[in-house]
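Asker: below is the sequence, then the predicted model.
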Amino acid sequence: MENPTREEIKEVLKKSKRIAVVGLSGNPDRTSYMVSKAMQDAGYEIIPVNPTVEEVLGVKAYSSLKEIEGHIDIVNVFRRSEHLLEVAKEFLEIDADVYWAQLGLENEEAYNLLKEKGYTVIMNRCIKVEHALTK
């Protein structure tokens, strides 16, 4: 599995506006919350995808990616590695550009499925850290 170069990741973040965050927790102590808040503060539209919460960061939560209307630039995944393939399959059913699995997460099957179809796939990288490096 090979991630895009830092330059390519910088371009992805520069042109992206809407980020659907799968597994975004409503708990401010969780990494998904802290990272998403930082991205929201940086000007990105954050869309929570978590069937167990009503809203996170002041935004209505959706129980699945398919419920979100409009184009999604990045699907940022905070689910354990064994769930990445199921999220990748749902990703294929919506209009999104980039599949991004957070730091510590990777799944070769999910990676290969999406790469074969020409998608940009980033795994085992923190979107907040990468965003900080683009400054």
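Answerer: Here it is on my side, so go on.
Asker: which other residues reach stretch 37-51?
Answerer: Residues from elsewhere that reach stretch 37-51 (CB atoms under 8 Å, 6 or more residues apart in numbering): 16-26, 28, 36, 55-57, 59-65, 68, 72, 127-128, 131. C-beta here means a position set from N, CA and C on the backbone, and glycine is covered the same way.
Asker: mind listing the strands for the protein?
Answerer: 18-22, 45-49, 55-56, 59-60, 72-77, 96-101, 120-122 (DSSP state E).
Asker: now those strands as CSV including distance to residue 11?
Answerer: Putting those into CSV (distance: least, CB to CB, whole Å) gives the following:
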stretch, distance to residue 11
strand 18-22, 15
strand 45-49, 19
strand 55-56, 28
strand 59-60, 26
strand 72-77, 12
strand 96-101, 11
strand 120-122, 10
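Asker: pull the CA atoms of stretch 98-111 into CSV?
Answerer: Listed in CSV are the C-alpha atoms of stretch 98-111, where the atom choice follows Å, rounded to 0.1, in the frame of the first residue of the first chain:
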residue,chain,number,x,y,z
VAL,A,98,-10.8,10.6,-1.5
TYR,A,99,-10.9,7.7,1.0
TRP,A,100,-8.8,8.5,4.0
ALA,A,101,-8.2,6.1,6.9
GLN,A,102,-6.7,7.7,10.0
LEU,A,103,-3.4,7.1,11.6
GLY,A,104,-3.0,3.5,12.7
LEU,A,105,-5.6,2.2,10.3
GLU,A,106,-5.0,0.2,7.1
ASN,A,107,-6.7,-2.6,5.2
GLU,A,108,-5.1,-4.0,2.0
GLU,A,109,-8.4,-5.3,0.6
ALA,A,110,-10.1,-1.9,1.0
TYR,A,111,-7.0,-0.2,-0.5
